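K.L.:
One predicted model, sequence on top.
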Amino acid sequence: MTAIVQNLITSGVFELDGGSWDVDNNVWIVGDGTEVIVIDAAHDADAIADVVGERTVQAIVCTHAHNDHVNAAPALAERTGAPILLHPADRVVWDLTHPDRAPDGELSDDQRITVAGTELTVLHTPGHAPGAVCLYSPELGVLFTGDTLFHGGPGATGRSYSDYPTIVKSIRERLFTLPETTIVRTGHGEGSTIGAEKAASAGWPEA
């Protein structure tokens, strides 16, 4: 049985560099009736656990470590027993939110994560954050981009630990090489496709 994708929107505050912004986050739950992974445990561990129900959480996967994507991860991990996985290059960002609680495991480029018989490949896509990753499932035709690629362009790069030329390079070399029909599931807001964003990228500022 092929895994299904569920979406939960949670709300809270993004904080970095002394600023704070109210945000709505996409939490993605991928799996079947028995087991799932949670991509970006944002804001509300109870709400996420309610959607998961009695299913086993195999992992809590962090696309990056900005607080609005990981602030509920430790509570969800404690509740479910699932490990928190993060790319090691984002540990410096993680520690801003959870200085006393390390992730349980590391994500690496081209790592495979399997849930409900469906494989997702980890793509290291730095730029929005140094350890930002996307998760690609050829079987589902879906790419989970976190804050690397949105409907309308790259993620923000105006704050600490981010870099515009780096994120553009990541998107063009790692994401725009995927099939254009690939559905983009983002960390905030509506989705898109690789083809639509590739076509729109002609209007991006030069890196």
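P.N.:
Okay, I see it. Just so we're clear, the structure is a prediction, and the values are computed from it rather than from any experiment.

K.L.:
now the strands: where do they sit in the chain?
P.N.:
Secondary structure of the chain by DSSP state E: the strands cover 4-16, 19-31, 35-39, 56-61, 84-86, 105-106, 112-115, 118-124, 133-137, 142-146, 149-150, 153-154, 183-186, 192-193.

K.L.:
List the pairing partners of the fifth one within its sheet, with orientation.
P.N.:
Looking back up the chat, that one is strand 84-86. Next to strand 84-86 in the sheet, as set by DSSP bridges, lie strand 56-61 (parallel), strand 105-106 (parallel).

K.L.:
swap in the last one?
P.N.:
Based on DSSP bridges, the pairing partners of strand 192-193 within the sheet are strand 183-186 (antiparallel).

K.L.:
coming back round to it: and residue 35, which of the strands paired with strand 84-86 is closest to it?
P.N.:
Shortest separation from residue 35 across these is recorded for strand 56-61, at 4.5 Å, computed as C-beta to C-beta. Just so you know, the C-beta spots here come from the backbone N, C-alpha and C atoms, and that holds for glycine as well.

K.L.:
mean confidence for that closest one?
P.N.:
What strand 56-61 shows for mean pLDDT is 98.

K.L.:
Begin at 42, not 1, for the rest of this chat.
P.N.:
OK, 42 is where the count begins now, so the last one is strand 97-102.

K.L.:
Restrict it to CA atoms and write it as CSV.
P.N.:
Extracted in CSV, the C-alpha atoms of strand 97-102 (Å, rounded to 0.1, in the frame of the first residue of the first chain):
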residue,chain,number,x,y,z
THR,A,97,3.4,4.5,15.3
VAL,A,98,5.5,7.6,14.6
GLN,A,99,8.7,6.3,13.0
ALA,A,100,10.5,9.6,13.0
ILE,A,101,10.0,13.4,13.5
VAL,A,102,11.9,14.8,10.5
